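Trainee: Let me see the structure of the following:
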Amino acid sequence: KYEESHKFLKANMHLVCEHLGSYLVIWAVDLACDDKNDLQKRVAHQAIVAQYILELAKSLKRDPRDCIEPFFTRIKTTDKQYKDAFDDEYKALLGRIEERKKVRIAEAQRRIEQEEAQGRAARLGPGGLDPCEVLEELPPRMREAFETQNTPL
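Mentor: Coordinates of the predicted model:
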């Protein structure tokens with residue numbers, strides 16, 4: 001994972017900025033909502049890489065693009081504690097992504113229910129009856145007559 005990230009960021013240094021991590025997290029949530037779990041996990045990993053590079057840049061008071069090499073050198077040669085902290089951040093992010101996925105899905109379901117309720121309210125006829133519900137309750141022959149607009153039936 002690290003080698004691919006290293007090559008990609010070296011080739012696309014313009015992407016390393018303070019907005020990269022946020023963009024990757026949003027994308028990871030989108031992927032989670034679409035149940036693209038493998039790609040979502042990879043993007044979340046990249047988000048943590050971006051976060052660590054930005055934190056390193058702040059601590060060194062340097063441009064984040066100057067910290068790509070130092071980060072990847074450090075992650076390859078560092079002690080277990082640094083890698084464990086990285087993995088903990090990654091796992092925590094996956095948990096936050098899962099929570100955000102649940103919230104997004106619940107919000108989408110609420111919107112759909114509201115739209116359906118508004119559509120139903122707009123259809124209500126005299127006496128508060130829903131024509132669609134009334135049509136469903138008619139005997140099959142009478143329903144067919146309404147649907148085909150065949151009055152002799």
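
Trainee: OK, contacts around residue 143?
Mentor: With contacts defined as CB atoms under 8 Å, 6 or more residues apart in numbering, residue 143 is in contact with 135-136. Where C-beta positions appear, they are placed from N, C-alpha and C, glycine not excepted.

Trainee: which parts of whatever helix or strand it lives in are buried?
Mentor: Using DSSP states H and E, residue 143 sits within helix 140-148. Residues of helix 140-148 classed as buried: none (neighbour count, 16 or more other CB atoms under 10 Å).

Trainee: May I ask which helix or strand of the chain has the lowest mean pLDDT?
Mentor: Lowest on mean pLDDT, DSSP states H and E among the helices and strands of the chain sits helix 131-137, with a mean of 80.

Trainee: now for it, which elements pack on it?
Mentor: For helix 131-137, the packing partners by 3 or more CB pairs under 8 Å, 6 or more residues apart in numbering; DSSP states H and E come out as helix 140-148.

Trainee: hmm, back to that, same question for the least confident helix or strand of the chain: list its buried residues.
Mentor: Here helix 131-137 shows no buried residue, counting by 16+ other CB under 10 Å.

Trainee: Output that helix in PDB with nothing but the alpha carbons.
Mentor: Coordinates of the C-alpha atoms in helix 131-137 are reproduced here as PDB (Å, rounded to 0.1, in the frame of the first residue of the first chain):
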ATOM      1  CA  PRO A 131     -57.400   7.300  -5.300                       C
ATOM      2  CA  CYS A 132     -54.500   4.800  -5.600                       C
ATOM      3  CA  GLU A 133     -55.600   3.000  -2.500                       C
ATOM      4  CA  VAL A 134     -59.200   3.000  -3.500                       C
ATOM      5  CA  LEU A 135     -58.300   1.600  -6.900                       C
ATOM      6  CA  GLU A 136     -56.300  -1.200  -5.300                       C
ATOM      7  CA  GLU A 137     -59.300  -2.200  -3.200                       C
END
